[in-house]
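>>> What follows is a predicted protein model with its sequence.
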Amino acid sequence: MSFFREAIEQMEGYRPGEQPQDGSFIKLNTNENPYPPSPAVITAIEQSARQELVRYPDPLATAFRMRAADLLGVDPDWILCGNGSDDVLTIATRALVESGEMLRFPYPSYVLYRTLAELQGARCQELPFQPDWSLPAAFGQAEDDLRLVFLPNPNSPTGTVVDRQSILALAESLPCPLLVDEAYVDFAESNCLDLVARNEKIMVTRTLSKSYALAGLRFGFLVAQPQLIEHLVKVKDSYNCDALSIAAATAAIGDQQWLEENRARVLATRERMSDRLEKAGFNVAPSQANFVWCTHQEEPLQPVYEHLKSNHVLVRYIHYPDWGEGLRISVGTDPQVDACLDLLEARVRS
Ligand SMILES: Cc1ncc(COP(=O)(O)O)c(C=O)c1O
């Protein structure tokens, strides 16, 4: 006898990337930022810890929304905050998709989307990217029961982007909201934020986990027109962001100079990394994120991943059925990346 809903029994459950806790690995497997966050974040956490722990936090994270609104040029009531952007992705799915209805997203992309669909007992339609990393025409087609479309942009695991014009055209042809997941957008050349005002179907999500070096904090947000936010808010946990994370996230986005410097360092390392990988015989997808996706024509990559791991360098090996395998390597510090590339070069040469 089972106590669980059938959808829960049937699903596998999301498996996050490996998070070894012993600190002995060079960790290039989950796209964290390799540098410490802005010092303003630490000051804000200390102050919040002294003053704010006894009371419940602001349910709507107003301080963050006000500052983000200023920065992004929208009104605060266009912003919904969450416990990481995974939380706002969950809220959107729960609010928009019923059991048996359909969610669409590209293949390969962020594996959590499938888990969110399965939690709802919803159906998934995963449409493969074209060889030039654009989306197939079917991605914009209306279909019965289609309730939500996810588009990670830049995409994970590839780091590739779909251009703004295509995204606007998609929103115009789709019958349902198009959630553009911009987890990595601070490392990209453009973003879709202003498109939210041009089409109410477009929602954009962001996270502080990557570009602000705050993966351990858990803070993300969604931008949409207020008539959508009004309903999404009903689905969230009452206090989904804690006082420390609201204070820290508000301080983090207040330090744009830190962001610019960090971005410049990460992009310089990414370019160097891509060049070296290409010279070593890898095919490297054109990345606008803080990681690169590389494949190899002759070398099977699982043993390469194992070899790196046995040398305490952790990258992400992924095999996508009907699509292929590759290594996703996060941009670390220069010494971390050099250690990884030295091992890789020696391995594929031998
Ligand atoms: C495409 C994409 N979206 C969202 C997330 C989740 O980010 P967060 O840490 O804000 O939950 C990730 C994390 O790896 C991601 O790759």
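Sure thing, it's come through. Just so it is clear, the structure is predicted and the values come from calculations on it, not from any experiment.

>>> now for the helix-or-strand element of the chain with minimal mean pLDDT, which elements pack on it?
When each helix and strand of the chain is scored by mean pLDDT, DSSP states H and E, helix 6-10 comes last, with a mean of 89. Contact partners of helix 6-10 among helices and strands, from 3 or more CB pairs under 8 Å, 6 or more residues apart in numbering; DSSP states H and E: helix 112-120. Bear in mind the C-beta positions are built from the backbone N, C-alpha and C, glycine included.

>>> could you say what helices and strands the helix it packs on packs with?
Helix 112-120 packs on helix 6-10, helix 85-96, strand 102-107, strand 123-128, going by 3+ CB pairs under 8 Å, 6+ apart.

>>> residues making contact with the second one?
With CB atoms under 8 Å, 6 or more residues apart in numbering as the test, helix 85-96 has contacts from 80-82, 103, 112-113, 116-117, 119-120, 122, 147-148, 150, 176-177, 179, 181, 183, 203, 205-207, 209, 218, 220-222, 231-232, 234-236, 240.

>>> That one - what's its average pLDDT?
Taken as a whole, helix 85-96 carries a mean pLDDT of 98.

>>> what's the angle between that helix and helix 112-120?
40 degrees (axes from the mean of the first three to the mean of the last three CA atoms, to 10 degrees).

>>> Give me every residue in the stretch 151-300 of the chain lying close to the ligand.
With CB under 6 Å from any ligand atom as the criterion, the stretch 151-300 of the chain meets the ligand at residues 152, 156, 181, 183, 207, 209, 215, 220.

>>> can you list the weak-confidence ranges in the stretch 51-200 of the chain?
Along the stretch 51-200 of the chain, segments meeting pLDDT under 70 are nowhere present.

>>> Which stretches in it count as strands?
79-82, 102-107, 123-128, 146-152, 178-181 (DSSP state E, counting those that start in this stretch).

>>> List the buried residues in the longest helix seen in the chain.
Taking DSSP state H as the criterion, the chain has its longest helix at helix 256-279. By neighbour count with 16 or more other CB atoms under 10 Å, helix 256-279 contains the buried residues 258-259, 262-263, 265-267, 269-270, 273-274, 276-277.

>>> next helix or strand past it?
strand 282-284 (DSSP states H and E).

>>> After that following strand, which helix or strand is next? Please name it.
Next along from strand 282-284, by DSSP H and E: strand 291-296.

>>> Tell me which residue in the stretch 1-150 of the chain sits closest to the ligand.
Residue nearest to the ligand within the stretch 1-150 of the chain: Gly84 (3.0 Å; CB to the nearest ligand atom).

>>> Just give me the neighbour total for that residue.
22 (other CB atoms under 10 Å).

>>> Test my guess that it contacts Thr207.
Yes - with contact defined as CB atoms under 8 Å, Gly84 reaches Thr207; the gap is 6.4 Å.

>>> hey, what's in contact with both of those two?
With CB under 8 Å, 6+ apart as the test, Gly84 and Thr207 both reach 219-220.

>>> Just want the angle from the longest helix of the chain to strand 291-296.
10 degrees.

>>> what is the rounded mean pLDDT of helix 256-279?
Computed over helix 256-279, the average pLDDT equals 98.

>>> From Glu299, how far out is Thr207?
33 Å (CB to CB, to the nearest Å).

>>> Among those two, which residue is more densely surrounded?
Using other CB under 10 Å as the criterion, Thr207 and Glu299 rank with Thr207 on top: 26 against 14.

>>> pLDDT value on that one, please?
pLDDT for Thr207: 98.

>>> picking up where we left off before, now do the contacts for the residue of the stretch 1-150 of the chain closest to the ligand.
Gly84 touches 207, 209, 218-220, counting by CB under 8 Å, 6+ apart.

>>> ok, Gly100 - contacts?
Contacts here follow CB under 8 Å, 6+ apart; on that basis Gly100 touches 121-123, 145.

>>> what about 7 Å?
Under the criterion of CB atoms under 7 Å, 6 or more residues apart in numbering, the neighbours of Gly100 are 121-122.

>>> again, but for Ser109
By CB under 7 Å, 6+ apart, the residues touching Ser109 are 152, 155-156.

>>> now those in CSV, with neighbour count?
Compiled in CSV, the contacts of Ser109 are given as follows (neighbours: other CB atoms under 10 Å):
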residue, neighbour count
Pro152, 27
Asn155, 26
Ser156, 23
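
>>> Which one of those is nearest to Ile26?
Ser156 (19.9 Å; CB to CB).

>>> pretty sure that closest one is touching Tyr110, no?
Yes - at 5.2 Å, Ser156 and Tyr110 qualify as touching, with contact defined as CB atoms under 7 Å.

>>> what's the spacing between the least confident helix or strand of the chain and its chain's center?
26 Å (CA atoms, centre = their mean, to the nearest Å).

>>> contacting residues around that helix?
By CB under 7 Å, 6+ apart, the list of residues contacting helix 6-10 from outside reads 2, 118-119, 121.
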